[in-house]
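Chemist: Sequence below, structure please.
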Amino acid sequence: IIVYVMLTMSTTLAGLDGMQVLLPVITHGWWFATPENRWDQMLSGAPPWLTVQSKEVLYGYYNGASNFYQPEILQAWLPPVVWWTAFLVVLFFAVVGPGAADLPHHPTAPRGDRSQDPPLAQLADVDRVCAGGQH
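Modeler: Below you'll find the model as predicted:
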């Protein structure tokens, strides 16, 4: 079950443009802001801890030839990375937590009709049967 949950969450976050677009979303609007598109005006209400807003810091991200371990770059990137990581961790536990909490606590405890159990609990039964254990 642990492997199933890990695979499910990793494909949810990494597959289908989950994590691939997160860094560009954090930076794109500020880097490509011009007087014509006025993205800087539109994004001015965004909290500074949610995005990287400094074009000097973003220069190294978009053009290379930069070292991530410079203090000004770390200061600019750390708050958005921490907040987005916290959001993804909360999202992970919101998705996995309710089903994982309903797993049977004792594998030999008698159970009645399992058709209404959450899918993770049903998978636990399938795993036990495949391993030769009792239902």
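
Chemist: Flag the shaky bits of the protein, pLDDT-wise.
Modeler: By pLDDT under 70, the low-scoring segments of the chain are 12-19, 96-135.

Chemist: could you pull out the helices for it?
Modeler: 2-14, 22-31, 39-42, 55-63, 71-101, 119-130 (DSSP state H).

Chemist: Just name the most buried of those.
Modeler: Counting by mean count of other C-beta atoms under 10 Å, helix 22-31 has the highest mean neighbour count of the helices of the chain, with a mean of 16. Bear in mind the C-beta positions are built from the backbone N, C-alpha and C, glycine included.

Chemist: Tell me what angle that one forms with helix 55-63.
Modeler: With axes from the mean of the first three to the mean of the last three C-alpha atoms, to 10 degrees as the basis, helix 22-31 and helix 55-63 are set at 130 degrees to each other.

Chemist: Alpha carbons of helix 22-31, as PDB, please.
Modeler: The C-alpha trace of helix 22-31 is given here as PDB (Å, rounded to 0.1, in the frame of the first residue of the first chain):
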ATOM      1  CA  LEU A  22       5.400  25.300 -11.000                       C
ATOM      2  CA  LEU A  23       8.800  27.100 -11.300                       C
ATOM      3  CA  PRO A  24       7.800  28.800 -14.600                       C
ATOM      4  CA  VAL A  25       4.500  29.900 -13.000                       C
ATOM      5  CA  ILE A  26       6.300  31.400 -10.000                       C
ATOM      6  CA  THR A  27       8.600  33.400 -12.300                       C
ATOM      7  CA  HIS A  28       7.100  33.800 -15.800                       C
ATOM      8  CA  GLY A  29       4.900  36.800 -15.200                       C
ATOM      9  CA  TRP A  30       7.700  38.900 -13.700                       C
ATOM     10  CA  TRP A  31      10.400  38.000 -16.200                       C
END
